[in-house]
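J.: My questions are about this predicted structure, shown below with the sequence.
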Amino acid sequence: MKAESNKVIVCWFFEEVFNQRNISLVDELVSPDFVNHNASIHVRGPEGVKRGVTAQFQAFPDIHTTIEDIIAEGDKVVVRARDRCTQQVDGKPVELTWIEILRLENGKLAEAWVEANMRPLNQLAGEYK
């Protein structure tokens, strides 16, 4: 049952925080000790999550996350998702796919490991050289 409730929390997080822009929910859904283990993004705690989410919204104001698959076992939830947005420099559509493993503790996000396909952004960056 815990795995199922963790899936609900993760879905709620992405829908409310990312898709509905309800950043105030971060304090309720993210542990004070949260850490993102992604090598390129050092995010810690709710304040770090808020800064990261805000930066994404500034770069891609219309970003929308769609969860394609969600799997849970014990205290971990795996999400395979797709972000669709518009590149602000020239209005080109961008689609990013990613997989994230989230560990929950006491009903809050405690740790994250993300692998993302950054090729679409790298291709756009190459166009602006």
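T.: The structure has been received and is ready for your questions.
J.: Not counting sequence-adjacent ones, nearest residue to the spatially most central residue of the chain?
T.: Note on the chain: the residue nearest the mean C-alpha position is Phe14, at 6.7 Å, using C-alpha atoms, centre = their mean. The spatial neighbour of Phe14 that comes closest, neighbours along the chain excluded (C-beta to C-beta, 6 or more residues apart in numbering), is Thr65 at 5.1 Å. Using the backbone N, CA and C atoms, a C-beta is placed for each residue, glycine as well.
J.: where's that neighbour, which helix or strand?
T.: strand 64-73 (DSSP states H and E).
J.: returning to that earlier point: wait, doesn't the residue nearest to the centre of the chain sit right on Arg80?
T.: No. Distance between Phe14 and Arg80: 11.9 Å, which falls outside the contact criterion (C-beta atoms under 8 Å).
J.: Need the residues touching each of the two.
T.: Ile67 (C-beta atoms under 8 Å, 6 or more residues apart in numbering).
J.: In this structure, what residue spans correspond to strands?
T.: In the chain, the segments counted as strands under DSSP state E are 30-36, 43-44, 64-73, 76-86, 93-105, 108-117.
J.: in the last one, what's buried?
T.: Going back to what we said before, that points to strand 108-117. The neighbour-count criterion (16 or more other C-beta atoms under 10 Å) identifies 108-112, 114, 116 as the buried residues of strand 108-117.
J.: do the same with the first one
T.: The neighbour-count check on strand 30-36 (16+ other C-beta under 10 Å) flags 30-31, 34-36 as buried.
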